[in-house]
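*Asks:* Predicted model and sequence follow; I will ask about them next.
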Amino acid sequence: MLSSLKNIFKVPDLRNKVLFTLFIIVVYEVGANVIVPYVNFSAIQQIEASAKSAGILGYLNLFSGGGLLRMAVFGLGIMPYITSSIIIQLLTTVIPKLEEWRDQGAVGQKKLTQTTRYLTVVLAVLQASGLVYVFHTNAASLLGGNVNNLILHFTIWKAIFIVLTLTAGTALVMWLAELITQRGVGNGMSILIFVNVVAGIPAGGAGVLSEGGKVEFGVMVLLTLVLLVWVVFMEQGQRRIPVTFAKRVVGRRTYGGSSTYIPLKVNQSGVIPIIFASSLLYIPVLLSNLLPSTSFRTFVNDHIQPTNYLYVVVYGILIFAFTFFYVYVAFDPHQQADILRKQGGFIPGIRPGPPTERYLSRILNRITVPGGLYLAIVAVAPSFLMAAWHITAYPYYGTTLLIAVGVTLETMKQIDSQLMMRNYAGFLQ
């Protein structure tokens, strides 16, 4: 392990990439702790602890490393970009123009990326406006506690300035993430998500220890070790579908005749189903603040909470359902079968066209069932224990573990490939 770590700094190109990535992370952390102007900092400190574990902002705060509740310049974090990417990916299956861009290769991907950036800015403006409204109108149910006006001497011009500041911060975060992808190590967005969720682990662990006690904390540590091994095992698991390309002669040259495979991961969807499920479960929370029904508001306040048994069960079911939905959007069997047919490839023993599509669908179903169950169990298992112990300090522990381990494995794979290209031993043996 230590020798592999030394090897990173023996390769100048890899060393520069690692140091550049660390520098961008430092810049991001600075921006996540610089407070926007005109905000009552003392009032924010009062609500930050209670709002971390409850309310609609608690989940968004997880992906901003706590910057959202601090009203930092980078307070919106990468959530607008994540939402924009998901929207564009879903619309690609229903809008012909976006589907055409997707099939154009690098040129089309560049257009999709640019569209995602524009949509990110629009979503950042909307989210920043909503955040300013919440922080100004004493929306205690959204913030998770009794809140006073957090914007000092509120005027419309101050609100506009705060919205522009938060939007500019989101655009800068998006640029920093792309710099990591281009000049650093790993995927930029994944690295920033990793930094955000890992930053909250020490405070979350301290909250579990203070609210529960040493026994509960010890059980959570033991569960963490078990889930850690399971997550690593499942994230590495994949089904390789062999593909053979037919030979064809062009002039005096022969092309094709090679064999490869299509890797289908057990967890093909990553943490996207968890984001979908959490967002859907917050819709009743939003409606309870708009509808006049007292009984509906009481039901939401009593049951739609991250540490309530009903919430946890519904949360797990939605994760399992959204896993199937997203996998079929990201990996369309019909599209993949069509691409193979056009490239002259085929799966041995399976005829091209509809038979290949049915075969891919059957394989996808067989690996998505355990993948969906795995995501649901890891996400809700810690929540069940915390609900039993009435601990509200860290309701998103399972999500944090999935993100941290997944991003670490992917980054280590990239570093390993760089080391092995230069005949050095890597981390993953």
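*Replies:* Yep, that arrived. Everything numeric in this text was worked out from a predicted model, so none of it was measured.

*Asks:* quick one: buried residues of the host helix or strand of Phe296?
*Replies:* Phe296 belongs to helix 294-303 when assigned by DSSP states H and E. Of all the residues in helix 294-303, those buried under the rule 16 or more other C-beta atoms under 10 Å are 297, 300. Heads up, the C-betas are built off the backbone N, CA and C, glycines and all.

*Asks:* could you point out where the stretch 201-350 of the chain is predicted with low confidence?
*Replies:* Scanning the stretch 201-350 of the chain with the threshold set as pLDDT under 70 gives 247-252, 254-257, 285-292, 301.

*Asks:* Show the contacting residues for the spatially most central residue of the chain.
*Replies:* The residue lying closest to the centre of the chain (C-alpha atoms, centre = their mean) is Val271, at 5.4 Å. For Val271, the contacting residues are 375, 399, 402-403, 406, by C-beta atoms under 8 Å, 6 or more residues apart in numbering.

*Asks:* returning to that earlier point: so what's the gap between the helix holding Phe296 and the chain middle?
*Replies:* Taking C-alpha atoms, centre = their mean, to the nearest Å, one finds the center of helix 294-303 at 29 Å from the center of the full chain.

*Asks:* what's it packed up against?
*Replies:* helix 283-288 (3 or more C-beta pairs under 8 Å, 6 or more residues apart in numbering; DSSP states H and E).

*Asks:* what does stretch 114-126 contact?
*Replies:* Outside stretch 114-126, the residues that touch it by C-beta under 8 Å, 6+ apart are 76, 80-81, 83-85, 87-88, 98, 163, 166-167, 170-171, 174.

*Asks:* what about 6 Å?
*Replies:* 76, 80-81, 83-85, 88, 167, 170, 174 (C-beta atoms under 6 Å, 6 or more residues apart in numbering).

*Asks:* From those, which land in helices?
*Replies:* The helices, defined by DSSP state H, take in 80-81, 83-85, 88, 167, 170, 174 from the contacts of stretch 114-126.

*Asks:* Identify the residue with the minimum pLDDT among those.
*Replies:* On pLDDT alone, Thr83 ranks lowest of these, at 80.

*Asks:* neighbours of the residue nearest to that residue when sequence neighbours are not counted, just the number please.
*Replies:* Spatial nearest neighbour of Thr83, chain neighbours left out: Leu123 (5.6 Å); criterion: C-beta to C-beta, 6 or more residues apart in numbering. Look at Leu123: counted by other C-beta atoms under 10 Å, it has 20 neighbours.

*Asks:* would you list every one of the helices in the stretch 151-300 of the chain?
*Replies:* 156-183, 188-199, 201-211, 214-236, 272-281, 283-288, 294-303 (DSSP state H, counting those that start in this stretch).

*Asks:* rewinding a little: what element comes up after the helix holding Phe296 heading to the C-terminus?
*Replies:* Past helix 294-303, the next helix or strand by DSSP H and E is helix 309-330.

*Asks:* what angle do that following helix and helix 272-281 make?
*Replies:* Angle between the axes of helix 309-330 and helix 272-281 is 130 degrees (criterion: axes from the mean of the first three to the mean of the last three C-alpha atoms, to 10 degrees).

*Asks:* and helix 309-330, what other elements does it pack with?
*Replies:* helix 272-281, helix 354-389 (3 or more C-beta pairs under 6 Å, 6 or more residues apart in numbering; DSSP states H and E).

*Asks:* can you give me the offset of the first one from its chain's centre?
*Replies:* Right, the one you point to is helix 272-281. That offset, for helix 272-281, works out to 10 Å (C-alpha atoms, centre = their mean).

*Asks:* quick one: buried residues of that helix?
*Replies:* 272-279, 281.

*Asks:* Now do it: which elements does it pack against?
*Replies:* So helix 272-281, by 3+ C-beta pairs under 6 Å, 6+ apart, packs with helix 309-330.

*Asks:* How about the helix it packs on, which residues are buried there?
*Replies:* Result for helix 309-330 [16+ other C-beta under 10 Å]: buried residues 311-312, 314-316, 318-324, 326-328.

*Asks:* hang on, the earlier thing: deepest in the core, which of the helices and strands packed on helix 309-330 is it.
*Replies:* Comparing those by mean neighbour count (mean count of other C-beta atoms under 10 Å), helix 272-281 comes out on top with a mean of 20.

*Asks:* and the angle for it with helix 354-389?
*Replies:* Going by the same axes, to 10 degrees, helix 272-281 makes 60 degrees with helix 354-389.

*Asks:* Name the nearest residue to Ala246, ignoring sequence neighbours.
*Replies:* Gly344 (4.8 Å).

*Asks:* didn't the one you found look like it was pressed against Ser258?
*Replies:* No - Gly344 is beyond contact range of Ser258, at 10.7 Å (criterion: C-beta atoms under 6 Å).

*Asks:* So between the two, which is more surrounded?
*Replies:* Counted by other C-beta under 10 Å, Gly344 and Ser258 do not tie: Gly344 has more neighbours, with 15 against 11.

*Asks:* how far away is that one from Thr244?
*Replies:* 10 Å (C-beta to C-beta, to the nearest Å).
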